[in-house]
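1. I'd like to go over a predicted model; first the sequence, then the structure.
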Amino acid sequence: MAKKHLLSVLFMALLCLPMLAQIQSPVQFKAEWKKISANEAEIVFSGTIADGWHVYSTDLGDGGPTSATFNTDQMEGAVPDGPLKPVGKEINQMDPVFGMKVRFFEHAAQFVQKIKLTGGNYKISGYLEYGACNDENCLPPTSVDFSYSGTAPAAASTDKTATGATETAPTEEAAPADTATAATDSVAPAAAASLDGTTDYWAPVIDELNSFGEQKGEDSHSWIYIFLTGLAGGLLALFTPCVWPIIPMTVSFFMKRSDNKKKGLRDAWTYGASIVVIYVALGLIITGIWGANALNSLSTNAIFNIFFCLMLVVFAASFFGAFEITLPSKWSNAIDSKAEQTTGLLSIFLMAFTLSLVSFSCTGPIIGFLLVEVSSTGSYLAPAIGMLGFAIALALPFTLFAMFPSWLKSMPKSGGWMNVIKVTLGFIELAFALKFLSVADLAYGWRILDRETFLALWIVIFGLLGVYLLGKIKFPHDDDNNKVGVGRFFLALFSLAFAVYMIPGLWGAPLKAISAFAPPMQTQDFNLYKNEVHAKFNDFDAGMEYARQNGKPVMIDFTGYGCVNCRKMELAVWTDPKVSQILNDDYVLITLYVDEKTKLPEPIKIMENGTERTLRTVGDKWSYLQRSKFGANAQPFYVLIDNEGKPLNTSYSYDEDIDKYIEFLQTGLENYKK
């Protein structure tokens, strides 16, 4: 789950570009009948899962994502023998949006249902239903149909289970159906009419929707964000006491050891490039050892979050001056000695490696935080891209000062200002330690860090940071200079303003700038905030008829009870006054839950992608509408249509950029008026 954070409070926004509406098929299941004795069999559901996606396990409880369930339409001459059992490596993690532990599978999943045959002819038909999500979208509850029949001998008098090699029953197996498939076939008018009675509303508009133009995917944007985040981290590390004083010494060394300026410049460039190589290699080694998906799982693991919280607290105490954290001196001494004994490029590379070791006490916390943040992307390249940005920021001054040695004279002298930066980073690390502790708190149900408690602590931390920057608090390594510079004053102003900004959150204000950090709203005991958007209809045909009679355009919200990012959009975007005003006043909002379990009066048979499928629930019906009419099957999915069912703009998926969402809505209104 299915989420992107910030390096510090100086970077408070993550933008994701909308996805083009499309059918996604990241999960493929097959059903198999296996006989284990004369009167016992198993139905085995085996699935393959695409990278970045996961399938939820069984019995997750109410209020969470869609659990895997075994359902029967017909069962004669047989009875289920126990519940549906998940098989394989389950991942057990805390989902901060649902506020509960969830269990799921990655890469592969298997569910087994034991069947006891009572004797004589048997006929079994039904379906496995499961839910699948990635970090941005969820598929609607998906069914895998099965049908088996045959003859079994009379049941034995003993309940003992006969064991032995499994064999495939000589029964006719229906082709398993998976609703997360490719684009749908045209539906016969009679079938469409049987669903809604108004064929025009259900007519496919996939081509018209796509004609509004394909929008960019988010991968390139995410990589740019990761690079810039690493760059910001490198700039912060640059101004710490571990790095800044080394710059003039290193540049002067290169200039003096060279016979000419050209060679000194080349050595400085090589030194900077070596720093980049070292940190990029670190990022590649990390994903090479653990893998992108393992890092993603680790970043949301409760035990790991407790460990990282404690580590950040220790680093914060070190930055405050309680003690100094350094790597063993023999490491840096050994590398430094090797650098002196060698010549050429290897010598310069070893000098760069020495810098990486001696600066660890300042760069370590920043690098660690960066790696944890980018690990949630599930990309093998993300840590390397983040390290590239970090290393470029760290290496650039060495190269620039070597190119322009006269700049060294104007370089600010080392002094107390560097300790101010170090202490400021300590406050920020302390704040983010609470963010990681919050994940563990939700996982174990301690309820010691509910939303208002978390916000109260952040208000105090950033309030104290502002007071410190104004010179009212002193730490062991601070000098006695009571003067507060202009830059320091503005940082104090920002920190105090940020603390004041969070105060309304104690009474339930959404605080969109920190919604990715704070615990979910449902953990707050006292909430006075009521600016919420509610759909006028949860039935497509009734909503369309109302829109036609009142001459209004329609926004359809395809969502799910188990859709994490749907809730994020509702909290972070729909609560904006401008957005809520447009949705409430200018559109007929129809919210359709694709995981709604209410049974249809009668199952409906439809032909889709050359296969007959059965719609059994209201959620099945809305999921089919999304696939057949709009060619998409992931949530959240927002589409604007006129009151005849024609699209007014391209679709919109998960993107918390309020300005883009307002533009999306207003473009639809303008096209409707035309």
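-> Here it is on my side, so go on.
2. low-confidence ranges, the stretch 101-250 of the chain, go.
-> Along the stretch 101-250 of the chain, segments meeting pLDDT under 70 span 155-200, 213-222.
3. quick one, strands of it?
-> All strands of the stretch 101-250 of the chain, identified by DSSP state E, counting those that start in this stretch, fall at 108-117, 120-130, 132-133, 142-152, 167-168.
4. most tightly packed of those?
-> Among the strands of the stretch 101-250 of the chain, ranked by average contacts under mean count of other C-beta atoms under 10 Å, first place goes to strand 132-133 (a mean of 28). For every residue, glycine as well, the C-beta is placed using N, CA and C.
5. circling back to that earlier point, dump the strands of the stretch 101-250 of the chain into CSV; add distance to residue 388 as well.
-> Converted to CSV, the strands of the stretch 101-250 of the chain look like this (distance: least, C-beta to C-beta, whole Å):
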stretch, distance to residue 388
strand 108-117, 33
strand 120-130, 39
strand 132-133, 30
strand 142-152, 39
strand 167-168, 53
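6. isn't there a helix covering residue 589?
-> No. According to DSSP: H, G, I helix; E, B strand; the rest coil, residue 589 belongs to no helix; its state is strand.
7. contacting residues around the closest residue to it other than its chain neighbours?
-> Among residues not flanking residue 589 along the chain, residue 535 sits closest, at 4.6 Å (C-beta to C-beta, 6 or more residues apart in numbering). Contacts here follow C-beta atoms under 8 Å, 6 or more residues apart in numbering; on that basis residue 535 touches 557, 589-591.
8. ok, residue 540 next?
-> 196, 201, 556, 590, 592, 622, 625.
9. quick check, nearest of those to residue 269?
-> Residue 269 lies nearest to residue 556 out of these, by C-beta to C-beta, at 56.7 Å.
10. what sits against the closest residue to residue 558 other than its chain neighbours?
-> Excluding the flanking residues, the one nearest residue 558 by C-beta to C-beta, 6+ apart is residue 637, at 4.1 Å. Residues counted as contacts of residue 637 (C-beta under 8 Å, 6+ apart) are 21, 557-558, 626, 630, 651-653.
11. tell me the least confident of the contacts of residue 540?
-> For the contacts of residue 540, the model is least confident at residue 196; its pLDDT is 44.
12. distance check, residue 501 against residue 463.
-> In this view, residue 501 and residue 463 are 11 Å apart by C-beta to C-beta, to the nearest Å.
13. likewise for residue 324?
-> If you measure residue 324 against residue 463 using C-beta to C-beta, the figure is 27 Å.
14. thinking again about what came up before, just put the contacts of residue 535 in TSV and tack on distance to residue 577 and neighbour count.
-> As requested, the contacts of residue 535 are exported to TSV (distance: C-beta to C-beta, whole Å; neighbours: other C-beta atoms under 10 Å):
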residue	distance to residue 577	neighbour count
557	19	22
589	16	20
590	22	24
591	20	20
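15. quick one on the thing from earlier: of residue 324 and residue 463, who's got more company?
-> residue 463 (17 against 8; other C-beta atoms under 10 Å).
16. in contact with that one, which residues?
-> Residues near residue 463 by C-beta under 8 Å, 6+ apart: 495-496, 499.
17. for the one helix or strand it maps to, the averaged confidence score.
-> Secondary structure from DSSP states H and E places residue 463 in helix 451-469. For helix 451-469, mean pLDDT rounds to 95.
18. so what's residue 348 up against?
-> 267, 270-271, 274, 339.
19. nearest to residue 412, of those?
-> residue 271 (21.4 Å).
20. can you get me a residue count around that closest one?
-> For residue 271, using other C-beta under 10 Å, the count is 22.
21. residue contacts, residue 272?
-> The contact partners of residue 272, taken as C-beta under 8 Å, 6+ apart, are 395-396, 398-399.
22. and the gap between it and residue 283?
-> Between residue 272 and residue 283 the computed distance is 17 Å (C-beta to C-beta).
23. and residue 579, by the same measure?
-> Looking at residue 579 against residue 283, where the rule is C-beta to C-beta, the gap reads 38 Å.
24. also residue 561?
-> Separation of residue 561 from residue 283 (C-beta to C-beta): 38 Å.
25. more neighbours: which of the two?
-> The neighbour count for residue 561 versus residue 283, taken as other C-beta under 10 Å, is higher for residue 283 (25 against 20).
26. pretty sure that one sits in a helix.
-> Yes. Judged by three-state DSSP, residue 283 forms part of a helix.
27. enumerate every residue touching the nearest residue to residue 89 once chain neighbours are set aside.
-> In this structure, residue 89 finds its nearest non-sequential neighbour in residue 105, 7.2 Å apart by C-beta to C-beta, 6+ apart. Contacts for residue 105 (C-beta under 8 Å, 6+ apart) come out as 47, 49, 54-55, 57, 86, 88-91.
28. same thing but 7 Å
-> Taking C-beta atoms under 7 Å, 6 or more residues apart in numbering, we find residue 105 in contact with 49, 54-55, 57, 88, 90.
29. again with residue 67
-> Here residue 67 is in contact with 56, 58-60 (C-beta under 7 Å, 6+ apart).
30. name the SS class of it, please.
-> With three-state DSSP as the criterion, residue 67 reads coil.
31. I'd like the numbering to begin with 41 instead of 1 from here.
-> Yep, numbering from 41; the last one is residue 107 now.
32. distance of it relative to residue 99?
-> 6 Å.
33. remind me which helix or strand residue 350 belongs to.
-> Per DSSP H and E: helix 342-360 holds residue 350.
34. can you give me the buried ones in that helix?
-> Going by neighbour count (16 or more other C-beta atoms under 10 Å), the buried part of helix 342-360 is 342, 344-346, 348-349, 351-356, 358-360.
35. and the angle from that helix to helix 491-509?
-> Here helix 342-360 points in a direction 20 degrees away from that of helix 491-509 (axes from the mean of the first three to the mean of the last three C-alpha atoms, to 10 degrees).
36. which elements pack onto helix 342-360?
-> Contact partners of helix 342-360 among helices and strands, from 3 or more C-beta pairs under 7 Å, 6 or more residues apart in numbering; DSSP states H and E: helix 400-415, helix 456-484.
37. looking at the ones you listed, spot the one closest to residue 71.
-> helix 456-484 (33.6 Å).
38. report the buried residues of that closest one.
-> Within helix 456-484, the residues scored as buried using 16+ other C-beta under 10 Å are 457-483.
39. one more: stretch 498-514?
-> Across stretch 498-514, burial judged by 16+ other C-beta under 10 Å covers 498-499, 501-506, 508-511.
40. quick check, residue 646 in a helix?
-> No. Counting by three-state DSSP, residue 646 is not part of a helix but strand.
41. neighbours around it, how many?
-> By the criterion of other C-beta under 10 Å, residue 646 has 21 neighbours.
42. state the pLDDT value of it.
-> Note for residue 646: predicted pLDDT of 87.
43. still on that earlier bit, closest to residue 586 among the contacts of residue 145?
-> residue 95 (37.2 Å).
44. surely the closest one and residue 85 touch.
-> No. Contact between residue 95 and residue 85 fails when scored by C-beta atoms under 7 Å: they sit 10.2 Å apart.
45. okay, these two: which has more neighbours?
-> Neighbour tally, residue 95 and residue 85, criterion other C-beta under 10 Å: the higher count belongs to residue 95, 27 against 24.
46. now the more buried one, which residues is it bridged with?
-> residue 145, residue 172 (DSSP bridges).
47. which ones are touching it?
-> If you count contacts by C-beta under 7 Å, 6+ apart, residue 95 has them with 67, 87, 89, 144-145, 149, 170, 172.
48. just give me the closest of the residues you listed to residue 651.
-> Checking the contacts of residue 95 against residue 651 with C-beta to C-beta, the nearest one is residue 67 at 16.2 Å.
49. state the distance from that closest one to residue 674.
-> Counting by C-beta to C-beta, the gap from residue 67 to residue 674 is 12 Å.
50. those two - which one has more neighbours?
-> Set residue 67 next to residue 674 and count neighbours by other C-beta under 10 Å: residue 674 wins out with 28 against 23.
51. wait, the more buried one touches residue 177, no?
-> Yes. Proximity of residue 674 to residue 177 meets the contact threshold set by C-beta under 7 Å, at 3.7 Å.
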